[in-house]
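>>> model this:
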Amino acid sequence: QVQLQESGPGLVKPSQTLSLTCTVSGGSITTNYWNWIRQPPGKGLEWMGAIAGSGSTFYSPSHGSRTSITRDTSKNQITLQLSSVTPEDTAVYYCARRSSAAGPHNYWGQGTQVTVSS
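Down below sits the predicted model:
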């Protein structure tokens, strides 16, 4: 059974860089597609980007160059970095797995709340 667990700071100050980690168990991150998705309060899910098993990365144009997704295969972890955060980046952040680039997200982490505030 594949399990995903997000971790990171719950509070980040404006203009700082947010860094979140997704630790994967029960499956290797060198296969499938590993995604970061967020849900701001009162809004829908927002796909931010993904890293494929090959290591290729894909980003939503909505966040431009602020987003970076990397991985550590030795730890089976995926990392999201979001730079120059503002209060609008306050959200629950999820990592999720897809079996293909455009397929459904069939495994999800529980999510981690991130608040951007001074």
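
>>> Thr112 reaches Val92, doesn't it?
Yes: between Thr112 and Val92 there is a contact under CB atoms under 8 Å: 6.9 Å. For every residue, glycine as well, the C-beta is placed using N, CA and C.

>>> measure Gln16 to Gln81 for me?
11 Å (CB to CB, to the nearest Å).

>>> Same question for Asp72.
13 Å.

>>> Now do the most centrally placed residue in the chain, the pLDDT please.
Taking CA atoms, centre = their mean, the centroid of the chain lies closest to Trp36, which sits 2.7 Å from it. On the pLDDT scale, Trp36 is placed at 97.

>>> name the element it belongs to?
Element membership of Trp36 [criterion: DSSP states H and E] is strand 33-39.

>>> Next, the buried residues of that strand.
33-38 (16 or more other CB atoms under 10 Å).

>>> Any chance of CSV for these, columns distance to Gly8?
Output for those, formatted as CSV (distance: CB to CB, whole Å):
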residue, distance to Gly8
Tyr33, 21
Trp34, 16
Asn35, 16
Trp36, 11
Ile37, 15
Arg38, 12
